[in-house]
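Enquirer: what shape does this take:
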Amino acid sequence: MIAQLRVDDRLIHGQVALVWTKELNTPGIVVANDNAANNEMVQMTLKMATPTGKKLLIRNVDDAIKVFNNPKGANMRIFALTNNVQDALKIAENVKDIEGINVANVGRFTKDADNAVQLSSTLMMTPDELEALKKLAQMEIPVFHQIVPNNAKTPISSILKDAN
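Expert: Residues are numbered from 1 along each chain as shown. Here you go, the predicted model:
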């Protein structure tokens, strides 16, 4: 079961490693990212950033979906990370057991900044990401924006409403 699917363009970093892993109390982290799954340097960096005692799996998105749907892990709480909204949408469309999706930090490294829409100080979406975000917001899974646990959860639907 995915305790939280976090969209964060940095994947594992200090906030994630030190704050979110404690808050969610998950034994494992799954990074669902095609680039990370195929790049040894990125894998090494992610492993170094993973807190001691936490298990880390780095898989491409399709293989991560298989992990999330594997009955052997049905009772395990998983903290899942991806770095873009489209991958989060693909996961949400193919995995039934997700407690919530946190669209936290997206777009700071976008190559298409000229066409991007700034939704908040930490959310900048290209047109494709914005369409994926709108689809996520219509799902029955809670989809919210929350940088750290002591921040309020802001529903993505209200961020999208304010942007229009």
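Enquirer: ranges for the helices of this protein?
Expert: 14, 21-24, 34-37, 40-49, 61-69, 85-94, 127-137, 156-163 (DSSP state H).
Enquirer: turn those into CSV, including mean neighbour count, mean pLDDT and distance to Gly100.
Expert: To be clear about C-beta, it is placed using only N, CA and C from the backbone, and glycine gets the same treatment. Formatted as CSV, the helices of the chain follow (neighbours: other C-beta atoms under 10 Å; pLDDT from 0 to 100; distance: least, C-beta to C-beta, whole Å):
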stretch, mean neighbour count, mean pLDDT, distance to Gly100
helix 14, 9, 84, 21
helix 21-24, 16, 92, 10
helix 34-37, 17, 97, 22
helix 40-49, 13, 96, 22
helix 61-69, 17, 97, 14
helix 85-94, 20, 98, 10
helix 127-137, 19, 94, 11
helix 156-163, 15, 88, 11
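Enquirer: out of the ones you listed, flag the one nearest Met1.
Expert: With C-beta to C-beta as the criterion, Met1 lies closest to helix 61-69 of the helices of the chain, at 8.3 Å.
Enquirer: what packs against the closest one?
Expert: Applying 3 or more C-beta pairs under 8 Å, 6 or more residues apart in numbering; DSSP states H and E, one finds that helix 61-69 makes contact with strand 28-32, strand 55-59, strand 78-82, helix 85-94.
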